[in-house]
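> need coordinates for the below:
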Amino acid sequence: MSADTRRRLARDAFAHTAAYDAAIVRWFDTDDPLPPSLHFALDRAKTLRYGENPHQSGARYRDVEQHSWWDAAVQHGGKALSYLNVFDTEAAWRLVATLGSEPAVAIIKHANPCGVAVAGDISTAYERANACDPASAFGGVVATNRIVDLAMAEALIGVFTEVVIAPGYETEARQLLLTKKNLRVMEGPPPSELAWHIRSVDGGFLVQDPDRFVTTRSDWMVVTEAKPSADQWADIELAWHIGAAVTSNSIVLVKDRQAVGIGAGQQSRKDASAIATEKAAGRASGGAAASDAFFPFRDGLDAVDDAGVACVIQPGGSVRDDEVIAAANEHGLVMVMTSERHFRH
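Residues are numbered from 1 along each chain as shown. Below is the predicted model of the structure:
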């Protein structure tokens, strides 16, 4: 037996015992959301085409104690996945899983939604999601909570898309999509709940429990003179769920259960409002706006009003809430406060 073989086998033996020890420690920590130490055993599940950029190497590792939707996912065609393909597919798959039981489609580009819609059938949901921001959807990741039918495949085939992920495909739909040689056609089970959200910092990691929706509509407060109708509530709730998936500062505009304008990743909430309003191009009239955090000044609300929305949902909690509520009443807007922030960095 060569020295290289002995080294490889010894490495595998120590990796196995380390994984066993890590599992024991994590068993002791079951009831502690942030235990005094963290112990992982991760196996390299897939070497990726490259990392965030082609000069970076990348791989997907899996927790040896967990089974994820990635373990059961099937890639029917297309090139191997890159780091960003995996990152955006995960984001799209998780977002669409939060959008309720009706047919829904989410399109992700650079980790942010650029199109989301809920409709009576999946092909209509896709067409409406793509119509939110077709320029940004170019080269995006499409996720759906329904089996992809031929009508959706025919609509999607004409749009350059990196990945489509769905619970399944009609045979003709899958065959059509596979004619696009670079389109990664994937299917998988729903995502499971994450235990932690982890990011690297110098010398260690930042760890938090994942962002979740803690409050529901029954907990929210309508703080304005105007009150929402049933149709407006549908837009309000969809805007809120989309907004939690958008990089802060974010503003999301929704009309008739279709995202029509998304302003993402701005240092100023006023700028996020202006970007969302510009992208909506008049389509938000009578719809709803969601802000991931409170409006610190009324200028952000005034910018949202420029889009013509009828409703606004936001966490509240600013020292200027009274001023913002007064501005909403001045504009004749419905305002809902959730007491729950959804920053995303």
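> max-length helix in this structure?
Counting residues, the longest helix found in the chain (DSSP state H) is helix 3-28.
> I'd like the next helix or strand past that one.
Counting by DSSP states H and E, the next helix or strand C-terminal to helix 3-28 is strand 42-47.
> let me know whether Gly100 touches Val118 as I believe.
Yes: counting by CB atoms under 8 Å, Val118 is a contact partner of Gly100 at 6.8 Å. Every C-beta, even on glycine, is put in place using the N, C-alpha and C of the backbone.
> okay, these two: which has more neighbours?
Val118 (26 against 15; other CB atoms under 10 Å).
> just list whatever residues bridge to that one.
Taking DSSP bridges as the rule, Val118 bridges to Ala104.
> if we can go back for a sec, buried set for the longest helix of the chain?
Along helix 3-28, these residues count as buried under the neighbour rule (16 or more other CB atoms under 10 Å): 19, 22, 26.
> hmm, Val64 and the first one touching each other?
Yes: under the criterion of CB under 8 Å, Ala19 is in contact with Val64, at a separation of 5.2 Å.
> now for the two: what residues contact both?
Any residue near both Ala19 and Val64 by CB atoms under 8 Å, 6 or more residues apart in numbering counts here, and that gives Ala41.
> okay, now the residue nearest to His342 when sequence neighbours are not counted: neighbour count?
Computed as CB to CB, 6 or more residues apart in numbering, the closest residue to His342 that is not its neighbour in sequence is Ala244, at 3.8 Å. Using other CB under 10 Å, Ala244 has 21 other residues around it.
> list phi and psi for Ala244.
Ala244 adopts backbone torsions of phi -70, psi -20, taken as degrees, to the nearest 10.
> now do the contacts for it.
So Ala244 contacts 211, 213, 292, 342, 344 (CB under 8 Å, 6+ apart).
> wait, the third one touches His342, no?
Yes: the pair formed by Asp292 and His342 meets the contact definition of CB under 8 Å, at 4.7 Å.
> and for those two, which residues touch both?
Common neighbours of Asp292 and His342 (CB under 8 Å, 6+ apart) are 243-244, 315.
> a markdown table for the buried residues of helix 3-28, including distance to Asn130 and pLDDT?
What follows is those, written out as a markdown table (distance: CB to CB, whole Å; pLDDT from 0 to 100):
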| residue | distance to Asn130 | pLDDT |
| --- | --- | --- |
| Ala19 | 44 | 88 |
| Ala22 | 44 | 88 |
| Arg26 | 42 | 88 |
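> and which of those residues is nearest His76?
Taking CB to CB as the measure, His76 lies nearest Ala19 of the buried residues of helix 3-28, at 31.9 Å.
> quick one, helices of this protein?
Under DSSP H, the chain gives helices at 3-28, 69-72, 83-97, 122-132, 134-137, 150-156, 171-177, 230-243, 269-280, 298-305, 321-331.
> what's the second one packed up against?
Which is helix 69-72. strand 59-63 (3 or more CB pairs under 8 Å, 6 or more residues apart in numbering; DSSP states H and E).
> contacts for the strand it packs on?
Outside strand 59-63, the residues that reach it (CB under 8 Å, 6+ apart) are 40-48, 68, 70-71, 81, 86.
> got the domain ranges for this protein?
Annotated domains of the chain cover 3-68, 70-187, 217-337 [automatic domain parsing].
> for Gly203, which of those domains is the nearest?
The nearest among those, by CB to CB, is domain 3-68 at 14.3 Å.
> for the closest one, what is the spacing between the initial and final residues?
36 Å (CA to CA, to the nearest Å).
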